[in-house]
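S.K.: what shape does this take:
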Amino acid sequence: MKKVTREEWLNKLATQLEKVLFKKHADLIVAEKPDGKLLPTYRITCGWPAGGKKRQSVSNRIGECWSASQSADGTHEVIISMSIDDPMRVADILAHELVHVAVGNGNGHNKIFGALARAVLLEGKLTATVAGDEFKAKIQPVLDKIGPYPHAALKSPRAVKEQATWLTAVCRHTGFNVRISGKNLREFGTPICPCCQQLMNIS
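M.R.: Reported below is the predicted structural model:
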C-alpha cells in the first residue's frame, strides 16, 4: 500500500470536513470563492506557524491561516503545527482554520466567524476552539477511514527556558557553535549553521 504524506492526509481530512461539517452550512460561508467550490482555494501544510504580529512562540501557536491576499497566487495558506500529532486535535485545529478560510481573515474571531465555528461543532473560546462531543462523534469515523496521521510530534526549536540569558547553539552535523541571547532567540528564531545550512540545536 502506498504511503500517504502528511499533506495528502491533511487534504483528505479537509475534504471530509467540508462534506461532513461545512456543506450543510454553506449559507454562513461569506468569503469569495471560485464557482462550484464550497470554500475559497486553500493549501494545507504541517509546519511551524509564524506567530503573527506579536511573534508568539511557535510552541504555543498550533494553527494558522494566511489570507489569500498575502499569497502570490491568491491562495489561503493553512499551517498545522508540527507539535501536534493527535488526529482528533489536528481535525479540530484544521476545522478552525477552515472557518477562517470560509469567512475571510478580515473577520478575525468575530460573530461571523463564531456563527460558522459553532455550526461546525467547535466549542470553547473562539480564539482557541476545541472539538466538542458532537464534533468527535462525526469526525471519528472519518479518521478511522483515512487512517493514522503520518506524523510524530516535534518539539519546537524555540521552546527554550525563558530565564536563560545566554544560550549555546550547536550544529549536530558540523559541531559549529555560537552563543545567542534568549532575547534574540525569541525574536529571530533558531540560528542556521553557516556550514551546512541546517537548524542548530539549543542548549
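S.K.: what's around residue 202, how many residues?
M.R.: 19 (other Cβ atoms under 10 Å). For every residue, glycine as well, the C-beta is placed using N, CA and C.
S.K.: domain ranges for this protein, per the record?
M.R.: The record's domain parsing of the chain by automatic domain parsing lists 6-146, 166-202.
S.K.: worst average pLDDT in the ones you listed?
M.R.: Lowest mean pLDDT within those: domain 166-202, a mean of 82.
S.K.: and the spatially most central residue of the chain, what element?
M.R.: A centroid search over the chain (Cα atoms, centre = their mean) returns residue 80, at 2.2 Å, as the residue closest to the centre. For residue 80, the host element (DSSP states H and E) is strand 76-81.
S.K.: ok now that strand, how far from the chain's centre?
M.R.: 4 Å (Cα atoms, centre = their mean, to the nearest Å).
S.K.: how about stretch 110-129?
M.R.: 17 Å.
S.K.: all strands for this structure, in order.
M.R.: Assigned strands in the chain, in chain order: 42-47, 63-66, 76-81, 122-123, 130-131, 166-170, 177-181, 201-202 (criterion: DSSP state E).
S.K.: which secondary structure elements does the last one contact?
M.R.: Counting contacts by 3 or more Cβ pairs under 8 Å, 6 or more residues apart in numbering; DSSP states H and E, strand 201-202 is packed against strand 166-170.
S.K.: list the contacts for the residue nearest to residue 142 when sequence neighbours are not counted?
M.R.: What sits nearest to residue 142 in space, not counting adjacent residues and going by Cβ to Cβ, 6 or more residues apart in numbering, is residue 16, at 4.4 Å. By Cβ atoms under 8 Å, 6 or more residues apart in numbering, the residues touching residue 16 are 139, 142, 145, 146.
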